[in-house]
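1. Got a predicted structure here, sequence first:
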Amino acid sequence: MEYTNQDLTKHSAPEFGKNEEIWVNPVGGYGDMLVVSGVLKLAFENNPTQKYKLARRTRYLTIFKEHPAIDYIGFPPKEARIIRTDYWAKEKLGSGNQRPFQILARAFGLKTPVEERLYLPGKIDIDKSLDEIIPWKKKNIVIAPASDSPRKMISPAKWESLTGKLIKKNFLVIQVGRLYDRHIKGTYSLLGITKPKQLIGLLKKIDLVITVDNFIMHAANLSKAPAIVVFGPTEPEIYGYADQISLQVPLDHCQYKAKCLGPEYPDNYSSACPLGFQGHCMNKIPEENIYEKALQQL
């Protein structure tokens, strides 16, 4: 269900009345929800008397359940006042004070810049059942090759080359993601097994995460797991984190780089790169570069 009630924050930060009933419409992916959850936590710390109601979306219940800023999850009435979380539609994205966290902070009435702290309610530890089935080694790596956008992904062949080198060093390489993601040969697969909170708990025991711009990048930041993140059509200055190693692939060759991903080109997000396999920017990064960075971290 899509909620189209009055949007309070399309162009400017809202002015809230005391204990006003404000609904939050969670729009975006799981990584975006960790950002939204962090902003809500800051807003609650800034004004504990103002709580919010959350428009119910089943897939996000594990993110917001028992959140201190949320007092009710359900369906907003017809005339409800709603804050949408699609930050990309509110202001121009950029580095610094134009990062998604800062834009959303302003949407909830906070004076920016604010400290960017992702948040997940409750205690986060590795799930006991996962801990028992994983064949742990001295050093353990998680890879997350998949993204909702094909344009953020590296070819499976490059992942298999990279993980093959890591496995030869006697590292355990664990692949996480969705059930239907392509399995990378040689990795210990947890595809389709972990829920978001379980995954974040798992990362607390991991020595290194290697990923692209996806939910796992945000989860690694929240869990404080060291991470290497490969960026192509998106920019680490906007979406990445300072405590992670960001590898930006070269874009000089790409005639579409100014019109690839972004709020102005929503249809491109789910489509493949028009330059094909060889021309796709994410396939331009030598896996040796990622491997060397991984060895430095490990």
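-> Thanks, I have the structure now.

2. Restricting to C-alpha, output the helix or strand harbouring Leu42 in CSV.
-> Secondary structure assigned from DSSP states H and E places Leu42 in helix 30-46. Extracted in CSV, the C-alpha atoms of helix 30-46 (Å, rounded to 0.1, in the frame of the first residue of the first chain):
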residue,chain,number,x,y,z
TYR,A,30,16.5,-2.1,4.4
GLY,A,31,19.6,0.1,4.4
ASP,A,32,17.5,3.2,4.2
MET,A,33,15.4,1.9,7.1
LEU,A,34,18.6,1.7,9.3
VAL,A,35,19.1,5.3,8.5
VAL,A,36,15.5,6.2,9.2
SER,A,37,15.7,4.3,12.5
GLY,A,38,18.8,6.2,13.5
VAL,A,39,17.2,9.6,12.7
LEU,A,40,14.1,8.6,14.7
LYS,A,41,16.3,7.7,17.7
LEU,A,42,18.0,11.1,17.5
ALA,A,43,14.7,12.9,17.2
PHE,A,44,13.4,11.1,20.2
GLU,A,45,16.5,11.9,22.2
ASN,A,46,16.1,15.6,21.2
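
3. any idea how far the next helix or strand after it is from the chain center?
-> Counting by DSSP H and E, the element after helix 30-46 in chain order, helix or strand, is strand 52-55. Remark: strand 52-55 is offset 21 Å from the chain centroid, using CA atoms, centre = their mean, to the nearest Å.

4. Which of the residues in the following helix or strand past strand 52-55 are classified as buried?
-> Tracing the chain past strand 52-55, the next element assigned as helix or strand by DSSP H and E is helix 61-64. Buried residues in helix 61-64, counted by 16 or more other CB atoms under 10 Å: 62-64. The C-beta positions use only the backbone N, C-alpha and C, and glycine is treated the same way.

5. tell me what helix 61-64 is packed against?
-> helix 30-46, strand 70-74, helix 196-203 (3 or more CB pairs under 8 Å, 6 or more residues apart in numbering; DSSP states H and E).

6. C-alpha coordinates for that helix, CSV please?
-> C-alpha atoms of helix 61-64 as CSV (Å, rounded to 0.1, in the frame of the first residue of the first chain):
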residue,chain,number,x,y,z
LEU,A,61,8.7,-4.8,11.3
THR,A,62,12.0,-6.3,12.5
ILE,A,63,13.7,-2.9,12.1
PHE,A,64,11.2,-0.8,14.0
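
7. what about that helix, average pLDDT?
-> In this model, helix 61-64 has a mean pLDDT of 91.

8. Show me how far it is from its chain's centre.
-> The chain centre lies 15 Å from the centre of helix 61-64; the measure is CA atoms, centre = their mean.

9. To what extent is Gly74 buried, counted in neighbours?
-> 10 (other CB atoms under 10 Å).
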